[in-house]
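J.: mind looking at a prediction? Sequence and model below.
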There are 4 protein chains.
Amino acid sequence: MDGHTLEGIIAYPVTPFSPADGGVDTDRLAALVDRLVTAGCHAVAPLGSTGESAYLDDQEWHTAAETALGAVAGRVPTVVGVADLTTRNAVRRARFAEQAGADAVMVLPLSYWKLDEREVTRHFAKVADAVSIPVMVYNNPATSGIDLSPELMVTLAEQVENITMVKESSGDVQRMHRLAQLTGGELPFYNGSNPLALAAFAAGAAGWCTAAPCLIPGPVLELYRAVREGRFDTAREVFQRQLPVLQFILRGVLPSTVKAGLALRGLDVGEPRRPLLPLDEERTRELTELLAVLDLSGSQV
Amino acid sequence: MDGHTLEGIIAYPVTPFSPADGGVDTDRLAALVDRLVTAGCHAVAPLGSTGESAYLDDQEWHTAAETALGAVAGRVPTVVGVADLTTRNAVRRARFAEQAGADAVMVLPLSYWKLDEREVTRHFAKVADAVSIPVMVYNNPATSGIDLSPELMVTLAEQVENITMVKESSGDVQRMHRLAQLTGGELPFYNGSNPLALAAFAAGAAGWCTAAPCLIPGPVLELYRAVREGRFDTAREVFQRQLPVLQFILRGVLPSTVKAGLALRGLDVGEPRRPLLPLDEERTRELTELLAVLDLSGSQV
Amino acid sequence: MDGHTLEGIIAYPVTPFSPADGGVDTDRLAALVDRLVTAGCHAVAPLGSTGESAYLDDQEWHTAAETALGAVAGRVPTVVGVADLTTRNAVRRARFAEQAGADAVMVLPLSYWKLDEREVTRHFAKVADAVSIPVMVYNNPATSGIDLSPELMVTLAEQVENITMVKESSGDVQRMHRLAQLTGGELPFYNGSNPLALAAFAAGAAGWCTAAPCLIPGPVLELYRAVREGRFDTAREVFQRQLPVLQFILRGVLPSTVKAGLALRGLDVGEPRRPLLPLDEERTRELTELLAVLDLSGSQV
Amino acid sequence: MDGHTLEGIIAYPVTPFSPADGGVDTDRLAALVDRLVTAGCHAVAPLGSTGESAYLDDQEWHTAAETALGAVAGRVPTVVGVADLTTRNAVRRARFAEQAGADAVMVLPLSYWKLDEREVTRHFAKVADAVSIPVMVYNNPATSGIDLSPELMVTLAEQVENITMVKESSGDVQRMHRLAQLTGGELPFYNGSNPLALAAFAAGAAGWCTAAPCLIPGPVLELYRAVREGRFDTAREVFQRQLPVLQFILRGVLPSTVKAGLALRGLDVGEPRRPLLPLDEERTRELTELLAVLDLSGSQV
């Protein structure tokens, strides 16, 4: 895979846990991944934030990576998330992903102590040097505790050969305009903030990384098609229709919300790992209604 | 004028001051307003933030309002800015604007002490009740010190008959999606954040309130035409082309930057009022270059 | 007065408005100022934030300044607040204050457009140059919209002869430690954040600028005495006792809260000026109880 | 140990790493801990933020805990830090610490996804229930990504029997006043923000948790003695004297700074773990000077 060919809807699966022992439920993970590919998503990105990768031990992480890659089976690109506090563990996981068949890795520099630019740069360079597949630099200050400026991300892409893509989840569309400006539109960037989906495509995003296809693959893909075909009025209408669900997902803890939604969609993927708690009853009821309204509106189109 | 008919590029003139006595330079103000209308702007909005209205005494404010309205001469709608710390003065100025022929007023609730929702609501209701022309609720937390939520702005529009438009300058496109969501797209909203111009139109904004036409009317109007004709790839290209100038304007104090730019464009409108200082030499040079690059690129299209 | 001699509790009076015509109620203002001096406050500071000076027109401002100075009648120093958007008006008001007999002026640089350091510096220099009495630089980002760093304030004091005092209301005690550090403890600084009263004195503050003496002069002065006599355990106890009232005052709009409290204390000073609204019933009840609890605890000491 | 008896200077050791294999250097860790106890610190807190515990694998963590406890050898209380993303691992580490002889554990709820109050509460309850030694609730939003309000921390202490202490590192002294207010001064709280040391003691803090004794034990203990003896003017002077070093430590990454400082103090504890990088030359020079100035001033007292 070449960074320039990753486009469209890049879907995050959650990591199902077995009610029996709390371990990774590989059957359900494979089933979910298959659903995403079958629905028409253009790529799958396991072990991202949605996949609770920060809460997995090494063995669990390996199992989840292998299971997801096996289930995709090369039908679409697979981008494996690598988010670790230490460089040595990030290197180890990136190598594992490559050997297991990942098409790319998406690297998020977790922080306990805030890293400076030297430290961030070295971390990305070490991880990228350890593999030969493309690396996507991932900015998500809300979860990682580090905010990567467009300038820094572009510099990383310029300095390290296999850093070829950027993912922006800060929720600020001006960062995307800045990325396009700094690179003359040459560096593909991906949106990771659901309520920014429309604005990001207007800004020229190559794709949308999202867990929403776990619950509402139809509207997500419909939005993408409208954008690609230049029908912006339709895109805006489709976006507004799904916006309540996107906002709901963003408001809470994503794995908890998506796991609750998957149960409503007939796939019981268990609970999130503690300290994360399952969605409570009231919010589950709210999600049920939002999905019902969207399903109904969709069938009328 | 009906709120629903205000659309497109709504241009802010600065308020020129006379080098002789520091007062409002009515000749230059009239000349600038005429330039904006002649260039094709769809409306003019004097005495906004760009117009240094917060720095004018009552007599100066009256003079500037009458001069701008006289220069527009009904060729396009005129929306007069009303931003005051006290309700009684805001009422007085709104009435003056109506009597002088304004088509609408744009009301920004200045704060010294942070106002609560009761206080903001009462302020807007009193000002709107004092006039019969449409009122645009204006959110600009960076200058006013108050952040009006989409929910509050929609409530104001529902409760007060002649509040019929909303202007959003917080720089967050999600506020605009929320406005559209809360009103089913029925309440016209206007973007007041230059670097958000493209995203705002993608979100369904009815117009763009901007001082940029003082310096670069061509690219601003070209962006609007591309959007209206559904040519989003062109719109993005035109937007990226003018983005450096929009970013430059936003980075500094707007009246200082625009006044420096107008001098470069051959219209000497004097200095901003103290404590605001004129743009320094280095930044003036930078602006000169940015305008030259944009002019050149524009002539190649 | 020399800047170095201003010490202790510097009390802010509110500006009473007449229910009849909404103008400044000079009788009540004089009565309130007299109360503050009689209670033992070490200085009086009219026309600060508490005094709603931002909401007064020029004539009202003159009247309030003259009334307060007349009522103090030289018994303690009077520090008049000067907070204006334009430099020319700040100069005018500072001169008026000096001619009316003020011992010092406390200058807050209001912002509509954010001022840069050049602009802030020039504003302070122009105002200070216009008078010969001492100037207190006042940092209150929450109301003024500008945050003056300790470094900038110290530079101002070094560069302008009659800038001899600093007031810090950002609520961050580390700013005060920094002020002491930068000047070897030589520049007197004053605390303007009520809940920081104890920490500020521990940090070496020369005084506490506060509206609290309008309502609870006893505990405020008791805290100061304990600090000056080196009885820190007592100071902490006295501080904790009055903390609920200080927190309550801070939580709302200060003039509204203090005016409601003065009515409870038997001095009806009217309502705050619109858009500010009087304290609502529920919060007035809450304030009544907090004052009652404190009065009772005080009598037991 | 009873929570009420933990008082004074609670010193954090760094975790030395061996240059040979990058593993925990137990000899140096033991030597450093012994230094801290010998210097007169009132307690030792290994595996806190300073101890890079977030960057250790389980085996390393066990080794460091056992080494530190062995080196303290019961001479003073030892409080072991427990900061984990998952509840199950936090439980495991807390149990290990108790079995290894810890007098208390200090629990920081790390976040990837932001936890809500239900989740935080359950996390603390599960960890506290798993041990019988006292638990200190630790708030440090800058590193953990979660901000625990004083109200929540007090509720935790009320609901869970062996939660008996609170540590506040947000840097806001008003949180400490609030803690004292909510509990009538009955819940011991500890300051974890170095530049707040003086203000925290003025607010009634039972102790100061700090890495500063690794570098400047004398001034740190001197400050504490002055406070305890009610000599606040001396305390302020001693605090101002060491403030430049405290600010320097805070500005960078603490383990990097303290490790550089320990090398300057003659104890080579190796480098911090990647992605953390050693202090660069310029900043090491700056630290060298700050320590020299402080040493010299100390000898003159």
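T.: All right, it came through fine.
J.: stretch A:206-221: end-to-end distance?
T.: End-to-end span of stretch A:206-221 (Cα to Cα, to the nearest Å): 14 Å.
J.: please identify the helix or strand for A:W208.
T.: strand A:207-210 (DSSP states H and E).
J.: what comes into contact with that strand?
T.: With contacts defined as Cβ atoms under 8 Å, 6 or more residues apart in numbering or on different chains, strand A:207-210 is touched by A:6-12, A:42-43, A:45, A:48, A:106, A:167, A:169, A:188, A:190-192, A:194, A:197, A:200-201, A:220, A:224. Placement of C-beta: from N, CA and C, glycine included.
J.: what comes up buried for it?
T.: For strand A:207-210, burial by neighbour count (16 or more other Cβ atoms under 10 Å in any protein chain shown) applies to A:207-210.
J.: strands paired with it, and their directions?
T.: Take DSSP bridges as the rule and strand A:207-210 pairs in its sheet with strand A:8-11 (parallel), strand A:189-191 (parallel).
J.: which stretches of chain A have low pLDDT?
T.: Applying pLDDT under 70 to chain A flags residues A:1-4, A:298-301.
J.: helices of that one, start to end?
T.: Taking DSSP state H to define them, one finds helices in chain A at A:26-39, A:58-72, A:87-99, A:117-129, A:141-144, A:150-159, A:173-183, A:197-202, A:217-228, A:232-251, A:254-264, A:281-300.
J.: what about the fifth one, near chain B?
T.: What it means is helix A:141-144. No - Helix A:141-144 is not in contact with chain B by Cβ under 8 Å from any Cβ of the partner chain; minimum separation 14.2 Å.
J.: give me the phi and psi angles of the residue of the stretch 1-150 of chain A with the smallest separation from chain C.
T.: Here the stretch 1-150 of chain A gets closest to chain C at one residue, A:K114, 18.2 Å apart by Cβ to the nearest Cβ. Main-chain dihedrals, A:K114, degrees, to the nearest 10: phi -60, psi 130.
J.: try A:V76
T.: phi -140, psi 170.
J.: show me which residues of the stretch 151-300 of chain A are close to chain D?
T.: Within reach of chain D by Cβ under 8 Å from any Cβ, the stretch 151-300 of chain A has these residues: A:253-256, A:273-277, A:280.
J.: show me how to select, in ChimeraX, the buried members of the residues you listed.
T.: The ChimeraX command for the buried members of those (criterion: 16+ other Cβ under 10 Å) is given here:
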select /A:253,254,255,256,273,274,275,276,277
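J.: out of the buried residues of strand A:207-210, which is nearest to A:T87?
T.: A:T87 lies nearest to A:C209 out of the buried residues of strand A:207-210, by Cβ to Cβ, at 23.5 Å.
J.: save the strands paired with strand A:207-210 as TSV, and put in mean neighbour count too.
T.: Below are these laid out as TSV (neighbours: other Cβ atoms under 10 Å in any protein chain shown):
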stretch	mean neighbour count
strand A:8-11	26
strand A:189-191	27
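J.: does A:P19 really touch A:P278, like I thought?
T.: No - using Cβ atoms under 8 Å, A:P19 is not in contact with A:P278, being 11.6 Å away.
J.: tell me who's in contact with the residue in the stretch 51-200 of chain A that chain B sits nearest to.
T.: Going by Cβ to the nearest Cβ, chain B is nearest to A:A199 of the stretch 51-200 of chain A, at 4.1 Å. Contacts for A:A199 (Cβ under 8 Å, 6+ apart) come out as A:173, A:176, B:173, B:199, B:202-203.
J.: one more time with 7 Å
T.: Listed by Cβ atoms under 7 Å, 6 or more residues apart in numbering or on different chains, the contact partners of A:A199 are A:173, B:173, B:199, B:202-203.
J.: now A:F189
T.: A:166, A:168, A:176, A:179, A:205-206.
J.: which residue comes closest to whichever residue of chain A sits closest to chain B once chain neighbours are left out?
T.: Using Cβ to the nearest Cβ, the point where chain A gets nearest to chain B is A:A202, with a distance of 3.6 Å. Spatially, and ignoring its direct neighbours in sequence, A:A202 is nearest to B:A202 (3.6 Å; Cβ to Cβ, 6 or more residues apart in numbering or on different chains).
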